[in-house]
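K.L.:
After the sequence you'll find the predicted model.
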Number of protein chains: 2
Amino acid sequence: MATPLNGTILKAFQILRLASFERPDISAQRVQSELGMNFATAHRFLVTLEEAGALISIRRGVYRLGPSVGKMGRLAESTTPHLEAIQPFLDALRARLNESVMLCRFSRAGPTCVAVALAERPITVAIRIGTTLNFLTSAQGRLWLASLEPWERDELLAGESHLVDRPGLEADLAAIRRDGVAQNYGDAEPDIAAVAAPIRNAQGDLLLTVAVFGPKTRFTSDFISMAAESVKRVAGDVEISLTR
Amino acid sequence: MATPLNGTILKAFQILRLASFERPDISAQRVQSELGMNFATAHRFLVTLEEAGALISIRRGVYRLGPSVGKMGRLAESTTPHLEAIQPFLDALRARLNESVMLCRFSRAGPTCVAVALAERPITVAIRIGTTLNFLTSAQGRLWLASLEPWERDELLAGESHLVDRPGLEADLAAIRRDGVAQNYGDAEPDIAAVAAPIRNAQGDLLLTVAVFGPKTRFTSDFISMAAESVKRVAGDVEISLTR
DNA sequence: TTTTCTAATCTCATATAATGAGATATATAT
DNA sequence: ATATATATCTCATTATATGAGATTAGAAAA
């Protein structure tokens, strides 16, 4: 890629990335010391970012991410691309495993089904596009939880505190991160099993989940092993195709 | 404000704001025609924004907001400032109305209580900081719904479709936008009433809600009228103090 | 209240980075 | 294979960003 990049813009985003949950405040002093920028330049960046709506001034010299960023973030999460291009991968996975396959994106209410390849068998499990799964009880939901920072997780699960076995969940999420795959065996629906893998972008952010699902009786341990291998392979193939 | 602003950064955010739910794709051609920018410059901005993580390339020449923006947006929504400065306003409102007062911020699960001033009466209603209210049934929730775009509202309410009387809700939200205040009278909790008003930033984005709440029996129509006036006044005062 | 100090904000000459015209590369349609 | 449209790249010129130093604002100390 030989197109020259605008250094000023890159610096602006470096500054925005200084904000964290633990330390949301951004000041010119902090920009100076953490990014090695001249103080007056840092101040000008902050004032500009305020004017652009990205930051708000909470007191003289101190800024935080503003609501416009929140709005833009919600839009980003609602407009995940590439669905048309991914359908052939879902179809191939369905053919290989002879079970239904679905693709989910993130939503605040839980992983939301955005594409499906239904098994071509007389008895099968179906799901409607647009269905939102539960974070805690679905394989996809656990993949998302495993990808989030603890504070984000806490926030998402705020309404379900009474349902959460914390040490069990943390152990489960650690295993998911280690294995790169998540399962459920009747947790979300009594007779349904699923095996799900993450699809990430070049920066390592979780974009989507791909999962095979079907009647529990058909998910023998041999099938689950094969399915885990297959969904991970397909997820990897989708990731490669997304970087084109 | 005489600090010069960085025009390059302002342009970058103009570009990002081209993305919408109906039209999430951003191309150099679109930047050229909608913002009057030279094609090569527009292309360079897009490539830079991709490198900065704000955009992802979905195919040659076409970009969308990326997951990093989503992450930043979630952080923005979790780190609302000013709470310490607002407490005296809550205390004054409580003294004036002799009922409890609470401040709520936005969260995906619903308006979340971030500050309280409890009524100094023997019989009162209490709420714990951190409590999340329901979007549909709380006055604060309806204020938030009234401030959102239809697609955002639909997304938030996705899990509650069966509960939503759409024409009734739209009429209610239109009235809330017109009046600048929202009420609930036993909708969220059977014996609790509340009157809530929005606190906005300089750009008009809803930051927080301030509400008075208490036992339904004490919320006579005279009291509700007076409370509506008072919460709106306090909300305005808070807004002025936020611009300092 | 006044004074002092520190950090934030502002100004402007200079340096550097951004711009845009035009060349080149790529993908698609024929 | 060729033609066309659009995306990507290059580089001389121009415009904008930078940073040193001056000024201002606000908080703390006397």
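P.N.:
Right, received. Where do you want to start?

K.L.:
For the helix or strand in which A:Asp91 is found, give me every contacting residue.
P.N.:
In the assignment (DSSP states H and E), A:Asp91 maps to helix A:83-97. In this structure, residues lying in contact with helix A:83-97 by C-beta atoms under 8 Å, 6 or more residues apart in numbering or on different chains are A:100-103, A:114-120, A:208, A:210, A:212, A:223, A:226-227, A:230-231, A:234, A:237-238, A:241-242. From N, CA and C alone the C-beta is placed, and that goes for glycine too.

K.L.:
now do stretch A:227-236
P.N.:
A:89-90, A:92-93, A:96-97, A:99, A:179-181, A:183, A:195-199, A:210-212, A:219.

K.L.:
cutoff 10 Å now
P.N.:
Applying C-beta atoms under 10 Å, 6 or more residues apart in numbering or on different chains, the contact partners of stretch A:227-236 are A:86, A:89-90, A:92-93, A:96-97, A:99, A:101, A:139, A:179-183, A:193-200, A:207-214, A:219.

K.L.:
Can you show me the strands along chain A?
P.N.:
A:26-27, A:55-59, A:62-65, A:100-105, A:112-117, A:182-185, A:192-200, A:206-215 (DSSP state E).

K.L.:
can you pull the pLDDT of the residue nearest in space to the middle of chain A?
P.N.:
When C-alpha atoms, centre = their mean is applied to chain A, the residue found nearest the centroid is A:Leu206 (3.6 Å). With respect to pLDDT, A:Leu206 scores 82.

K.L.:
now do A:Leu163
P.N.:
Value for A:Leu163, per-residue pLDDT: 62.

K.L.:
before we move on, what about A:Leu148?
P.N.:
82.

K.L.:
Please apply the same query to A:Gly236.
P.N.:
The score at A:Gly236 is 88. That number is its pLDDT.

K.L.:
What distance do you get for it to A:Gly141?
P.N.:
21 Å (C-beta to C-beta, to the nearest Å).

K.L.:
The lowest-mean-pLDDT helix or strand in chain A close to chain B?
P.N.:
Within chain A, no helix or strand scores below helix A:150-156, which has a mean of 74 by mean pLDDT, DSSP states H and E. Yes: using C-beta under 10 Å from any C-beta of the partner chain, we find that helix A:150-156 touches chain B at A:151-152, A:154-156.

K.L.:
what's the answer for stretch A:169-178, then?
P.N.:
No: judged by C-beta under 10 Å from any C-beta, stretch A:169-178 and chain B are separated, with a smallest distance of 17.2 Å.

K.L.:
Just give the nearest non-adjacent residue to the residue of chain A found nearest chain B, would you?
P.N.:
Nearest to chain B in chain A, going by C-beta to the nearest C-beta, is A:Gly73, at a distance of 1.2 Å. Leaving aside its chain neighbours, A:Gly73 sits nearest to B:Gly73 (1.2 Å; criterion: C-beta to C-beta, 6 or more residues apart in numbering or on different chains).

K.L.:
ok, the one you found - contacts?
P.N.:
A:65, A:67-77, B:65.

K.L.:
Nearest residue to A:Arg30 in space, please, no chain neighbours.
P.N.:
Per C-beta to C-beta, 6+ apart, closest to A:Arg30 is A:Leu18, 6.4 Å.

K.L.:
For burial, what's the neighbour tally of A:Pro198?
P.N.:
25 (other C-beta atoms under 10 Å in any protein chain shown).

K.L.:
do the same with A:Glu120
P.N.:
10.

K.L.:
where's it relative to DNA strand C, distance?
P.N.:
30 Å (C-beta to the nearest atom of the strand, to the nearest Å).

K.L.:
on that earlier part again, just want to know which of A:Gly236 and A:Gly141 has more residues nearby.
P.N.:
Neighbours per residue, other C-beta under 10 Å: of A:Gly236 and A:Gly141, the larger number sits with A:Gly141, 25 against 14.

K.L.:
Pull out the buried residues from the biggest helix by length in chain A.
P.N.:
Using DSSP state H, we find that the single longest helix of chain A is helix A:221-243. Under the neighbour-count criterion of 16 or more other C-beta atoms under 10 Å in any protein chain shown, helix A:221-243 has A:223-224, A:227-228, A:230-232, A:234-235, A:237-239, A:242 buried.

K.L.:
Kindly present those residues as JSON lines, with separate columns for distance to A:Phe45.
P.N.:
Formatted as JSON lines, the buried residues of helix A:221-243 follow (distance: C-beta to C-beta, whole Å):
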{"residue": "A:Phe223", "distance to A:Phe45": "55"}
{"residue": "A:Ile224", "distance to A:Phe45": "52"}
{"residue": "A:Ala227", "distance to A:Phe45": "49"}
{"residue": "A:Ala228", "distance to A:Phe45": "47"}
{"residue": "A:Ser230", "distance to A:Phe45": "48"}
{"residue": "A:Val231", "distance to A:Phe45": "44"}
{"residue": "A:Lys232", "distance to A:Phe45": "42"}
{"residue": "A:Val234", "distance to A:Phe45": "43"}
{"residue": "A:Ala235", "distance to A:Phe45": "38"}
{"residue": "A:Asp237", "distance to A:Phe45": "41"}
{"residue": "A:Val238", "distance to A:Phe45": "37"}
{"residue": "A:Glu239", "distance to A:Phe45": "34"}
{"residue": "A:Leu242", "distance to A:Phe45": "32"}
